[in-house]
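> My questions are about this predicted structure, shown below with the sequence.
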2 protein chains.
Amino acid sequence: MLKKIKELFIPQQLLKGNCGIEREMLRVDKNGYLSFTDHPGIFGDKVLNPYITTDFSESQVEIITPALDKIEETYSFSKALYDIVALEIGDEILWPQSMPCFIPEDDEIPVAKYSEEGREAEEYRNKLLKKYGGKKQLISGIHYNYSFNEEIIRKLYESSDKELTYKEYKNSIYLKVARNYLRYRWIIVYLLGAAPVIHESFLNGCSCKLKQISEDGYTVDGAVSHRNGECGYRNKEELYPNYDTVEDYVESINKYVNDGVIDSYKELYSQVRLKAKNPKNFLNSLLEDGISYLEYRSIDINPFEKGGISLNDLYFLQLLNIYMLIKEESSYDKWQQEAVRNQHLVAKYGIENVDLIKDGEIIDRRSWGLEILNEMKAMNSELNLGKEDIINEAIAKMADSSLTYAYKYRKLIEEKGYIKANVDLAEGYKESAYNNRFKLEGFEDLELSTQILMKEAIKRGIKTDIVDRSENFISLTKGEKVEYVKQATKTSKDNYVTVLIMENKTVTKKVLAKEGIKVPVGEEFDSLAEAKICINNYIGKPIVIKPKSTNFGTGINIFPEGANAEDIERAFEIAFKFDKTVLIEEFIKGKEYRFLVIDDKVVGILHRVPANVLGDGVKTIRELVELKNKNPLRGKGYVTPLEKINLGENEAIFLKQQNKDFDYVPLAGETVYLRENSNISTGGDSIDYTDDIPQKFKDIAVKASKAAGAKICGVDMMLEDYSDENTNYAIIEINFNPAIHIHSYPFIGTERKIAVEVLKLLELV
Amino acid sequence: MLKKIKELFIPQQLLKGNCGIEREMLRVDKNGYLSFTDHPGIFGDKVLNPYITTDFSESQVEIITPALDKIEETYSFSKALYDIVALEIGDEILWPQSMPCFIPEDDEIPVAKYSEEGREAEEYRNKLLKKYGGKKQLISGIHYNYSFNEEIIRKLYESSDKELTYKEYKNSIYLKVARNYLRYRWIIVYLLGAAPVIHESFLNGCSCKLKQISEDGYTVDGAVSHRNGECGYRNKEELYPNYDTVEDYVESINKYVNDGVIDSYKELYSQVRLKAKNPKNFLNSLLEDGISYLEYRSIDINPFEKGGISLNDLYFLQLLNIYMLIKEESSYDKWQQEAVRNQHLVAKYGIENVDLIKDGEIIDRRSWGLEILNEMKAMNSELNLGKEDIINEAIAKMADSSLTYAYKYRKLIEEKGYIKANVDLAEGYKESAYNNRFKLEGFEDLELSTQILMKEAIKRGIKTDIVDRSENFISLTKGEKVEYVKQATKTSKDNYVTVLIMENKTVTKKVLAKEGIKVPVGEEFDSLAEAKICINNYIGKPIVIKPKSTNFGTGINIFPEGANAEDIERAFEIAFKFDKTVLIEEFIKGKEYRFLVIDDKVVGILHRVPANVLGDGVKTIRELVELKNKNPLRGKGYVTPLEKINLGENEAIFLKQQNKDFDYVPLAGETVYLRENSNISTGGDSIDYTDDIPQKFKDIAVKASKAAGAKICGVDMMLEDYSDENTNYAIIEINFNPAIHIHSYPFIGTERKIAVEVLKLLELV
């Protein structure tokens, strides 16, 4: 098999595969006590949200990544979902490991509530509560879903003798991997296990002889994972369905159900599950469509990872999948019973070098583990997979159990106590979620506005897919409804000609002026001779003269206090050097404000100021900048809502003009500007004015938006004195692709919830 | 005044001014007999169409240009309106001069019919019919509307002593020009007069002693314009309203009405009319708002001009306006009576050097005329207006009356007869209108599709304005409804994201494939290594390998019959030299068809073929090309729907590959291609297939359009055999800015009325 695979595939192909993870986590209060509050309403209907739902308990959030073909994406998505949930649960935090928090008695455990549609799910949960008890239901874990790239299976089939149909062949592949997974799962329990300690409130949920290791924590020496051990969540009796063929498998399940051992296939808590295309009609679909993918259920939540699983462990699982595809099986017949025993042994005592049984023969955990890992290493090298580091890390852990998560985690509990250790971890992750609030992990290559919109959509259970990544083109699906969105604000709600109007400044001004909205009065000339005719009309008036196509670029001359004929003529001459059409325009005094209008409503008003520092009478400009740059909203290269202030040549020159340098100590309360331009890209600040600007100007912005026919636009308005309703104003531009991140995360002022306004406009909320 | 004007203004400023013309013209049959058919319904409600209406008679079309500030535009617009009308009147033609065609008796003359809203207009016409008789009502002419650039009046006022208010000052300017116009109008009658002959059917409408000069034509020797003479249309008695002030003028009109001399101000047939801002409340508006512009009514239709007036005559009128603004008035009190007398004399005998009266003194026509024209020449030179040629032309006519329109026109009648001469002229103009059918005169700088849309809108009385000329951005207004349109097919009906979907080929394919529409199957790669992985999958299949961003450009390799692994790899290598993303796509055999879909309906299907000639066994390729290039649809530089075939290097090389050259004589029926590519820009032919393609593919095109959400789009479909419903197909692209001119005016096949479909979509029709 190894030889065949080496022949058929290159490494990139083998490392393709669809991987998705589901992770449960308990909502708890600051004291680590299980929450009694409802699942946050913002996540919508539990049955319909494909990303965020609940598991058994109302307080047990389950997050589900899509199946993605890049491991790194799956990893990031799990963290992104964590971030989303962590910021929508008020003061609560998310319990960071598999074994439960401080929990109440069974009858107080809140079972997940459902709307009418989910009534069946709720009844099912109540039945489980009675049968298995509530405590065990609160044990949380990671379910790992994997399917090989279809092309791999297809090509293996093509090179087979084709005695089977393609469906049968594909089933046989997945069944082999499933059986091997069962055989080797103990290695996953050992390497990824991270649940060696239980809280005192869980004591009567566990029959093990436990040892107190902190005020509130109990363990068994050598324990790796109580979740995977005797006290874990499992069937009343061990069940051994037949994994020979799909038909055999289905038959065994039907027999269990008929015999009353389990209520339905859902109750078979195997460490691996065969998954079908249509989960609503599972057994039939499995028979008809074949195995769609496999679900591994032995993975504990990694308390040292925000997303619950590390990237390296995901890489390891992928290598293991290839290994299990290749590895020939032994013919030992009691393999299932043996595997269960090995699992429980490793779970309970695996930190020690326990004796396991391999095809009836005793072999110690370390020896067998190293045997497997060395085979994987050979495979990695033979197939050029380039993942030696990952396997070496596992080898190290196999050789030295003090490197395992379980060992380290137990140490942490011993140090801090069970609740304290976990609450600290959870609070750290929550802080990280807050610091990430303006972005979506794993999608940092997209524009911030798109990340913010996607985050809001995912939160609300709107299926979010990328249609063209480099173009920030996404689709949002809710039931039958699909909306395509580009760059967060280019939507189906704006009509094409509206965009074209906004794109063309001359047309925009005509359209606005027609509606009686003030725009800078001006004229356009195609020759200097023509331009000269008008000079007399502009003498002494505040004006701007600029090339038509290079706005705010070169060739522009501003006369805020007016100019004489000679100066105007010279300004025309300069402008005509840069363009064949030149504009002369009334200069509007004041400051520029960006009004973000969505669906005829001003949802944000922003003003930008040049890079600056506010003195405290002690620190130098250099120190003040350094301090200001520590704000997590400031980054480099547009990955954050604001940019770090640079202390470069431009800033030095600008300070020099003020007779200052980087070592100058501004007085307390003194604002020193480091730039003339207010661009965010050069360290400028953004300040929210949404609540400060008089309604009159908001009405004007909406009127302008309506005049152009826009549903989403940024109206750039000059206001001489924003606080005065009677101040002079003019609209200088309407922007058809306004950024939303600047309003969502300003430097100063309220963070405006803009993304949801876009979703409302699209009728997705 | 001259000095002041010279000081204040530069020539370009003086030559700015708003000029609009109205022109009446009779619809007649091929025999020159007045038509009895209704005004064509396509022009809509007579009361609402701002461009095309009727005057007195149902058969008397009146076309009205907007007031435009460039003379050339007004000139072109009048021709454009002529073209529009000429092609909507079936077999009828438009009588090309002022004096009527072959007309029936009064009681048979069809008075213009109106809908309920125009009832008043209809009653007014019936009253006129009784009072003045029908024949005279059919005399047609040009009304010339002019206002100075407001800036000129404003500056003159600024430099005045300001004893008057601005309104009074402006009125005084226009009243001076009006009075001077009345004094000097005889010169307009002489220079522009072109109605010296009447038809026999008009004989009893005229009291002059007439001389027969052809079978059906009658004149008076020396006659210039019967329209401006005794037999013309005028008040029962000469009326001399007071032109001193607006108040005096209004008072005199009120007196005439009170005395029962006229029914209303409308019935004052003065040679100049003061015009008010609000015509519906004329007298009040005149008093309140002042004079808005002047209307000159002495201009005959120039039978030698399609548009009824020559460009040079429009320039002359503009110079005359400036002259009349400057020229000081005499204090002679009987000036109005004198002016009427001079007008009638020139109209009736002006070809001769008749004696006129100037301030009570006799002066011959030539002497006075030359005196005026030489003053104008001096003014032209003093003010640097650069129009000496125009004045010299007038001087020549004044000196030699055989150069006048009137003289030439009489000669033509003598030669051909009255009806024949006019019908010949009219048919010539109608042919010109047909040859112009794909364009809008005066707007040839715009894209053809925009010209066609504007033409259709103007025809239907939809107010059509240019918002940004260089961008083909127009507005269409009907009542309160305004629609902006860019490049004819970018409208408010398409939403923004639909356009973005179509703009992005990857996204388009995803969206179409999702709806089950066949698109070329393919993959995208970001590196050669990745691309290599897939090579095996494509061996032997028809494929295209191309750089993502340079479609149909360089770096593309097509394997219609499939290729081996080596060739595919090389094609990838080549493509990656041009782009960092490369596509491999299924190659679809067949020919490409452009389906134009508007509002979920296929309105045109077009196929393009490379430049070619069809042999006749006699002519050489060179001769065949020359012949083919004579088609008026073929031009150079995209001003026509098709381009002329070039016989250049490319064509020579392509023929050489076929062992042919330009002197080769193709067999009868042999088609010789001169190019490989089918672009229209290199002489390709366009062929309409709208009625030939099976409904199935039309349905698919509509489905594709709907999938993208498009209201207007061009669907490019490959069809292996268009006539076979079961043929292989695939959509290769959807275009969001499809040209409409290619369907409107194909080389072969039905000309599709696409523009009206756009107007229907916009709910303007």
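Noted; the coordinates are in hand.
> Name the nearest residue to the residue in the stretch 601-750 of chain A that chain B sits nearest to, ignoring sequence neighbours.
Proximity to chain B, evaluated over the stretch 601-750 of chain A using CB to the nearest CB, is greatest for A:Gly709 at 6.4 Å. Every C-beta, even on glycine, is put in place using the N, C-alpha and C of the backbone. Nearest residue to A:Gly709, sequence neighbours excluded (CB to CB, 6 or more residues apart in numbering or on different chains): A:Thr498, at 4.1 Å.
> can you tell me which helix or strand the one you found belongs to?
A:Thr498 belongs to helix A:496-503 when assigned by DSSP states H and E.
> just checking, what packs against the helix or strand just after that helix?
Next helix or strand after helix A:496-503 toward the C-terminus (DSSP H and E): helix A:505-514. In terms of contacts (3 or more CB pairs under 8 Å, 6 or more residues apart in numbering or on different chains; DSSP states H and E), helix A:505-514 is packed against helix A:496-503, helix A:695-708, strand A:729-735, strand B:463-468.
> Give the rounded mean pLDDT of helix A:505-514.
Mean pLDDT, computed over helix A:505-514, is 90.
> Identify each buried residue in that helix, please.
For helix A:505-514, the neighbour count (16 or more other CB atoms under 10 Å in any protein chain shown) marks A:Lys505, A:Thr506, A:Val507, A:Thr508, A:Lys509, A:Lys510, A:Val511, A:Leu512 as buried.
> again, but for stretch A:701-713
Within stretch A:701-713, the residues scored as buried using 16+ other CB under 10 Å are A:Ala701, A:Val702, A:Lys703, A:Ala704, A:Ser705, A:Ala707, A:Ala708, A:Gly709, A:Ala710, A:Lys711, A:Ile712, A:Cys713.
> Measure how far stretch A:289-306 is from the centre of its chain, please.
Its chain's C-alpha centre and that of stretch A:289-306 lie 19 Å apart, by CA atoms, centre = their mean, to the nearest Å.
> Can you get me the start-to-end distance on that stretch?
End-to-end span of stretch A:289-306 (CA to CA, to the nearest Å): 36 Å.
> tell me which residues of stretch A:121-130 are tucked away?
A:Ala121, A:Glu122, A:Tyr124, A:Arg125, A:Leu128, A:Leu129.
> how about the last one, what does it touch?
This points to A:Leu129. Taking CB atoms under 8 Å, 6 or more residues apart in numbering or on different chains, we find A:Leu129 in contact with A:Phe56, A:Asp106, A:Ile109, A:Val111, A:Gln137.
> And the next helix or strand past the helix or strand that it is a member of?
Assigned by DSSP H and E, A:Leu129 falls within helix A:119-132. Once the chain leaves helix A:119-132, the next helix or strand it forms, by DSSP H and E, is helix A:134-137.
> Need the residues that contact that next one.
So helix A:134-137 is contacted by A:56-57, A:60, A:100, A:103, A:105-107, A:109, A:111, A:125, A:128-129, A:202, A:204-205, A:231-233 (CB under 8 Å, 6+ apart).
> Give the other helices and strands that the helix or strand following that helix contacts.
Next along the chain after helix A:134-137, taking DSSP H and E as the criterion, comes strand A:142-148. For strand A:142-148, the contact count by 3+ CB pairs under 8 Å, 6+ apart identifies strand A:17-28, strand A:293-299, helix A:311-326 as packing neighbours.
> Of these, give the one that comes closest to chain B.
Per CB to the nearest CB, nearest to chain B of the helices and strands packed on strand A:142-148: strand A:17-28, 14.1 Å.
> Okay, now the sheet partners of the very next helix or strand once past that closest one, with direction.
Remark: after strand A:17-28, the chain's next helix or strand is strand A:52-54, criterion DSSP H and E. Counting by DSSP bridges, the strands paired with strand A:52-54 are strand A:60-64 (antiparallel).
> What helices and strands are in contact with the next helix or strand after the partner strand?
Following strand A:60-64 in sequence order, the next helix or strand is helix A:71-86 (DSSP H and E). Here helix A:71-86 touches strand A:17-28, strand A:52-54, strand A:60-64, strand A:93-94, helix A:311-326, helix A:418-435, helix A:448-459, going by 3+ CB pairs under 8 Å, 6+ apart.
> by how many degrees do helix A:71-86 and strand A:142-148 diverge?
150 degrees (axes from the mean of the first three to the mean of the last three CA atoms, to 10 degrees).
> From start to finish, how long is stretch A:142-158 in a straight line?
35 Å.
> Also stretch A:721-734?
Per CA to CA, the first residue of stretch A:721-734 is 21 Å away from its last.
> List the buried residues in that stretch.
Neighbour counts over stretch A:721-734 (16+ other CB under 10 Å) mark A:Tyr722, A:Thr727, A:Tyr729, A:Ala730, A:Ile731, A:Ile732, A:Glu733, A:Ile734 as buried.
> chain center to it, what's the gap?
39 Å.
> For it, give me every contacting residue.
Contact with stretch A:721-734 is made by A:502, A:505, A:508, A:512, A:517-520, A:586, A:588-593, A:607, A:689, A:692-694, A:696-697, A:700-701, A:704-705, A:708, A:710, A:713-720, as judged by CB under 8 Å, 6+ apart.
> Could you do stretch A:484-492 as well?
Against stretch A:484-492 from outside (CB under 8 Å, 6+ apart): A:447, A:449-450, A:452-453, A:467, A:471-476, A:483, A:499, A:711-712, A:736-740, A:755, A:758, A:761-762, B:495-498, B:500-501, B:507, B:511, B:709.
> Would you list the phi and psi of A:Ile598?
Backbone geometry at A:Ile598, expressed as degrees, to the nearest 10, gives phi -130, psi 120.
> before we move on, which element is the closest residue to chain B within the stretch 1-150 of chain A in?
Per CB to the nearest CB, A:Gln13 is where the stretch 1-150 of chain A lies closest to chain B, at 5.4 Å. Secondary-structure assignment from DSSP H and E places A:Gln13 in helix A:11-14.
> what's that helix packed up against?
So helix A:11-14, by 3+ CB pairs under 8 Å, 6+ apart, packs with helix A:150-158, helix B:528-538.
> nearest to A:Asp313, of those?
Comparison of those against A:Asp313 by CB to CB identifies helix A:150-158 as nearest, at 22.1 Å.
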